[in-house]
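**Student:** quick one, structure for this:
(one chain, ligands or ions: 1)
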Amino acid sequence: MGKGLFITLEGVDGVGKTTQALLLKAALEQRGHQVVHTFEPGGTELGSRIRQLLLNPEHTELSSMTEILLYAADRAQHVHEKVRPALAAGKTVICERFVDSSLAYQGYGLGLELAAIEAVNHWATGGLKPDLTIYLDADPADCLARTKKDRIAQRTLEYYGRVRAGFLAIAQAEPERFKVISAVGTLEQVASRVLKAVEGVI
Ligand code: TMP
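**Tutor:** Residues are numbered from 1 along each chain as shown. This next block holds a predicted model:
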């Protein structure tokens, strides 16, 4: 059994990750890859319950620490149950969101300690790192207009400005792995930019 390719897609809410993940899946399957498309939070049955805890706007008492740990718990289960087995079977995994989302949303967005978020997630994932991360970049003001206002998406535009700046800081720190792709344009234009970045690593 070979080791499959682990690709993650990142971006603020409403940027179009799911559409682009599915277009990328179809393009890679056409080239003969076996592809698993998945997402966080909620890519497993247990995880879908954690997702409800995290996103229900009624959960106003949920602390920042609990928020970090619930995302990490969802991720631990997802990596164990879905991502690692698929990679071990030689499949390409396309995952919407991974540790970078916790760094951007809870670290840069909420101003919580990046090193602690890294440490807890390193533990939760057994140190699993994406081979390639595509960050779909667009103005959060345009993206958020298209989303349902769950517990996270109802945060302010200032918050989302920090989240975007966080993703761009990760890109600067890890330019080999973390590629910034403009999400402005038609679906086809964005899809072809994404595919070009992926072709650089396969
Ligand atoms: P989704 O809308 O892309 O499914 O993600 C749900 C929300 O969870 C979205 O607002 C981003 C947020 N999120 C975090 O804040 N931290 C994380 O680690 C992840 C995976 C998602």
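**Student:** the nearest residue to residue 191 once chain neighbours are set aside: how many residues sit nearby?
**Tutor:** Distances taken as C-beta to C-beta, 6 or more residues apart in numbering put residue 23 closest to residue 191, at 4.3 Å, once the chain neighbours are dropped. Any C-beta I mention is one placed from the backbone N, CA and C, and that applies to glycine too. Residues lying near residue 23 (other C-beta atoms under 10 Å) number 18.
**Student:** residue 23 belongs to a helix, doesn't it?
**Tutor:** Yes: judged by DSSP: H, G, I helix; E, B strand; the rest coil, residue 23 forms part of a helix.
**Student:** now it: how far from residue 115?
**Tutor:** Residue 23 is 36 Å from residue 115, where distance means C-beta to C-beta, to the nearest Å.
**Student:** with residue 155 instead?
**Tutor:** To residue 115, residue 155 is 23 Å away according to C-beta to C-beta.
**Student:** what do you get for residue 11?
**Tutor:** 24 Å.
**Student:** list the buried residues of the biggest helix by length in the chain.
**Tutor:** Taking DSSP state H as the criterion, the chain has its longest helix at helix 157-173. Neighbour-count burial for helix 157-173 flags 159-164, 166-171 (criterion: 16 or more other C-beta atoms under 10 Å).
**Student:** follow-up on the earlier one: looking at residue 11 and residue 115, which has the bigger crowd around it?
**Tutor:** Using other C-beta under 10 Å, the more surrounded residue of residue 11 and residue 115 is residue 11, with 26 against 8.
**Student:** pLDDT value on the spatially closest residue to the more buried one that is not a sequence neighbour, please?
**Tutor:** Closest residue in space to residue 11, ignoring its immediate chain neighbours: residue 136 at 3.7 Å, by C-beta to C-beta, 6+ apart. Predicted confidence (pLDDT) for residue 136: 98.
**Student:** quick one: residue 89 from residue 83, how far?
**Tutor:** Taking C-beta to C-beta, one finds residue 89 at 11 Å from residue 83.
**Student:** next: residue 175.
**Tutor:** Residue 175 is 24 Å from residue 83, by C-beta to C-beta.
**Student:** the two: who's more crowded?
**Tutor:** Remark: of residue 175 and residue 83, residue 83 carries more neighbours, 26 against 10, as counted by other C-beta under 10 Å.
**Student:** that one and the ligand, how far apart?
**Tutor:** Note on residue 83: its distance to the ligand, by C-beta to the nearest ligand atom, to the nearest Å, is 13 Å.
**Student:** hmm, back to that, from what I can see the residue nearest to residue 11 touches residue 10, true?
**Tutor:** Yes: applying C-beta atoms under 8 Å, one finds residue 136 in contact with residue 10, separated by 7.1 Å.
**Student:** what do the two both touch?
**Tutor:** With contacts defined as C-beta atoms under 8 Å, 6 or more residues apart in numbering, the residues shared by residue 136 and residue 10 are residue 17.
**Student:** how confident was the prediction at the residue nearest to residue 191?
**Tutor:** Reported pLDDT for residue 23: 98.
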